[in-house]
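In: here is a sequence with its predicted model. Questions after.
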Amino acid sequence: MDKELKAKWVTALRSGKYSQGKGALLRDGLYCCLGVLCEVQGRSDDWRKWNIHPFENDQGPITFAQAMPLADMNDTGKSFPEIADYIEANL
């Protein structure tokens, strides 16, 4: 993963700017950790307009295999700061 994008993502997750939700990249103003990545990467319009999941087929900044554990962490109650710690250590 690009180090600059990783740093922006981790900072965004810890910023308190994004409210955490489950089950979707963005729904009703609530973000998955991967939705936050889309925002900081500037790809949010892609998946908002066309309902494209940017991690399918390894088209995003991380692979599908890397994205799925993060989605699971998000949807099982890990906080954004906890997920940011994981990203720093593992991506």
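Out: The structure has been received and is ready for your questions.

In: touching, residue 8 and residue 38? I think so.
Out: No: in this structure residue 8 lies outside contact range of residue 38 using Cβ atoms under 8 Å: 11.9 Å. C-beta: built from backbone N, CA, C; applies to glycine.

In: so between the two, which is more surrounded?
Out: A direct count of neighbours by other Cβ atoms under 10 Å for residue 8 and residue 38 places residue 38 higher, at 24 against 16.

In: run through the residues that contact residue 88.
Out: 6, 10 (Cβ atoms under 8 Å, 6 or more residues apart in numbering).

In: scratch that, residue 18 is what I was asking about
Out: For residue 18, counting by Cβ under 8 Å, 6+ apart, the contacting residues are 12, 31, 35, 36, 39, 80.

In: pull the most distant pair out of those.
Out: Across the contacts of residue 18, the two members that end up farthest from each other (Cβ to Cβ) are 39 and 80, 12.5 Å apart.

In: looking at the two, which one has more neighbours?
Out: residue 80 (23 against 18).

In: distance of the more buried one relative to residue 24?
Out: 15 Å (Cβ to Cβ, to the nearest Å).
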